[in-house]
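Asks: Mind looking at a prediction? Sequence and model below.
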Amino acid sequence: MMKNAVTCRDVVVVRGDREVLHGVGFDLAAGSVTGLLGPSGCGKTTLIRAIVGLQAKVTGSVEVLGLPAGAAKLRGRIGYVTQEPSVYGDLTVTENLRFFAAVLGISSDDVDRVIEAVDLRSHTDARVDRLSGGQRSRVSLAAALLGNPELLVLDEPTVGLDPVLRRDLWELFHRLADDGATLLVSSHVMDEAVRCDRLLLMREGDLLADETPDALLQSVGTDDIEQAFLTLIDRKAGAR
Ligand SMILES: Nc1ncnc2c1ncn2[C@@H]1O[C@H](COP(=O)(O)OP(=O)(O)OP(=O)(O)O)[C@@H](O)[C@H]1O
């Protein structure tokens, strides 16, 4: 039986004085790539923060790699890339990664592997503040890959990347999953959905769909994910 890397049940989150997740539940199968899709403000980052254990005021249950989200023992087993670059501008690519490896207690031998994985070999000695936005976000991704985490949570990792790089990154995500990692990748670009094994479609703090891309397209009767999403919204509005 396939194990679940993440299990969420009835997850409710309050931010400020507003409930922004209204009882979300799903599983992430180990070794899969799941896309978390939905319009800006629908709650993707909030859900991600609940999974990586950074979000306050979470009720319901969030279990990650068999432990409650935020458990100290999960440190080092999860790689998380936020939308903001999390690396130092005044250090080179290699210096950044050596620093993060040292902080995590990982051998610096791993630095070459992650640089290669994100295709930054030709920029190892460049200061990060002299790199392009896309290159900088790949340095953050490389830092998250240090130590081979079992769960990778990536918040909009392909924003600002050209089509070739986006394709290469999605190939990397699938290689990592083939090696056993579980990936949750958020995006508001619907055409990335077909690259995922499974999709979570969110809107206004609710999960509208939790399906494979093919099953979703079939159930809605279209060959376009964006259209499928709009149809689901209309159906939900009609059901109210
Ligand atoms: N610090 C905060 N305090 C109060 N409300 C917040 C805070 N951060 C986000 N929110 C609200 O929570 C809701 C969900 O935000 P969230 O950042 O999770 O959305 P998102 O789907 O990740 O959006 P985007 O794609 O634009 O990053 C939004 O309505 C937002 O206004």
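Replies: Done, it's in. Note that the coordinates shown come from a computational prediction; the quantities given were computed from them, not determined experimentally.
Asks: for the ligand, what are the nearby residues on this structure?
Replies: 15-16, 20, 38, 40-46, 188 (C-beta under 6 Å from any ligand atom). (Each C-beta comes from the backbone N, C-alpha and C, glycine too.)
Asks: which of those has the weakest pLDDT?
Replies: Within the residues of the chain next to the ligand, pLDDT reaches its minimum at residue 188, with 78.
Asks: what's the burial count for it?
Replies: Residue 188: 15 surrounding residues under other C-beta atoms under 10 Å.
Asks: now the strands: where do they sit in the chain?
Replies: 4-15, 18-29, 33-37, 58-64, 67-68, 78-81, 151-155, 182-187, 198-203, 206-211 (DSSP state E).
Asks: mind listing what's buried in the last one?
Replies: To tie it back to what came earlier, the one meant is strand 206-211. By neighbour count with 16 or more other C-beta atoms under 10 Å, strand 206-211 contains the buried residues 207-211.
Asks: I'd guessed residue 73 sits against residue 66; true?
Replies: No: the criterion here is C-beta atoms under 8 Å, and residue 73 misses it with residue 66 at 9.6 Å.
Asks: Domain parsing of this protein, as residue ranges.
Replies: Taking automatic domain parsing as the reference, the chain has its domains at 1-75+151-240, 78-148.
Asks: want to try JSON lines for the strands of the chain, with distance to residue 94 as columns?
Replies: Below are the strands of the chain laid out as JSON lines (distance: least, C-beta to C-beta, whole Å):
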{"stretch": "strand 4-15", "distance to residue 94": "30"}
{"stretch": "strand 18-29", "distance to residue 94": "32"}
{"stretch": "strand 33-37", "distance to residue 94": "28"}
{"stretch": "strand 58-64", "distance to residue 94": "31"}
{"stretch": "strand 67-68", "distance to residue 94": "33"}
{"stretch": "strand 78-81", "distance to residue 94": "19"}
{"stretch": "strand 151-155", "distance to residue 94": "21"}
{"stretch": "strand 182-187", "distance to residue 94": "25"}
{"stretch": "strand 198-203", "distance to residue 94": "35"}
{"stretch": "strand 206-211", "distance to residue 94": "40"}
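Asks: Can you give me the neighbour number for residue 216?
Replies: With other C-beta under 10 Å as criterion, residue 216 counts 23.
Asks: Surely it touches residue 208?
Replies: No: Residue 216 is beyond contact range of residue 208, at 9.8 Å (criterion: C-beta under 8 Å).
Asks: correct me, but residue 63 touches residue 6?
Replies: Yes: if you go by C-beta under 8 Å, residue 63 and residue 6 touch, sitting 7.0 Å apart.
Asks: Among these two, which residue is more densely surrounded?
Replies: Legend: neighbour count by other C-beta under 10 Å for residue 63 and residue 6, higher for residue 6 (21 against 17).
Asks: Give me the nearest residue to the more buried one, chain neighbours excluded.
Replies: Take residue 6 and drop its neighbours on the chain: the residue closest to it by C-beta to C-beta, 6 or more residues apart in numbering is residue 28, 4.0 Å away.
Asks: so what's that neighbour up against?
Replies: The neighbours of residue 28, taking C-beta atoms under 8 Å, 6 or more residues apart in numbering as the test, are 4-7, 34, 151, 182, 184, 198.
Asks: now swap in residue 26 and tell me
Replies: 8, 200, 207, 210.
Asks: beta partners for the second one?
Replies: As for beta bridges, residue 200 partners with residue 36, residue 210 under DSSP bridges.
Asks: circling back to that earlier point, quick one: buried ones out of the residues of the chain next to the ligand?
Replies: Among the residues of the chain next to the ligand, those classed as buried by 16+ other C-beta under 10 Å are 20, 38, 42-46.
Asks: Pairing partners for the residue lying closest to residue 45 once chain neighbours are set aside in the sheet, please.
Replies: Nearest non-adjacent residue to residue 45, counting by C-beta to C-beta, 6+ apart: residue 155, 5.8 Å away. As for beta bridges, residue 155 partners with residue 186 under DSSP bridges.
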